[in-house]
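Participant: got a structure for you, letters missing:
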């Protein structure tokens with residue numbers, strides 16, 4: 001097994017058992033993260049994002065597979081099952097991840113999922129009506145970043 005494939009497995013196995021500290025260690029200090037909700041997170045913010053999501057989750061379950069990697073790139077597919085805290089609605093989110101690696105760490109992590117499908121589950125009728133609009137996506141992104149920044153201010157690193 002390629003060393004970067006092992007890194008991907010370590011990341012998702014830690015995610016499955018809600019071990020955010022191991023997940024955080026998989027990232028380089030120069031890493032960058034993007035998905036449909038969180039955009040352009042630097043290493044500190046992506047580490048805190050996983051910490052926040054795991055600590056706040058009450059019923060998060062993930063499954064992953066189709067892990068592939070080579071020297072500088074890798075990918076995986078995973079599914080998250082959870083209750084969206086803002087609405088109490090159940091979500092099943094199918095995600096495709098791509099990774100870039102340097103020196104045995106993740107330097108770029110991009111998750112892609114259909115925002116419309118996610119928002120339809122997370123927000124119900126509102127998501128079905130507005131999930132295709134940039135208005136809802138931008139509002140969700142703004143609220144998510146605000147929530148992350150508030151979490152970071154209340155839970156600073158102990159370094």
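Facilitator: Yes, it's here. Bear in mind that the values here come from a model prediction, so they are computed numbers and not experimental data.

Participant: max-length helix in the protein?
Facilitator: helix 134-154 (DSSP state H).

Participant: residues making contact with that one?
Facilitator: 36-39, 41, 44-45, 48-49, 51-52, 115, 119, 123, 126-127, 130 (CB atoms under 8 Å, 6 or more residues apart in numbering). C-beta here means a position set from N, CA and C on the backbone, and glycine is covered the same way.

Participant: helices or strands up against the lowest-mean-pLDDT helix or strand in the chain?
Facilitator: One helix or strand of the chain scores below all others by mean pLDDT, DSSP states H and E: helix 125-130, with a mean of 94. Applying 3 or more CB pairs under 8 Å, 6 or more residues apart in numbering; DSSP states H and E, one finds that helix 125-130 contacts helix 115-123, helix 134-154.

Participant: in ChimeraX, how would I select just the buried ones from the contacts of helix 134-154?
Facilitator: With 16 or more other CB atoms under 10 Å as the criterion, this ChimeraX line picks the buried residues out of the contacts of helix 134-154:
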select :36,37,38,41,45,48,49,51,52,115,119,123,127,130
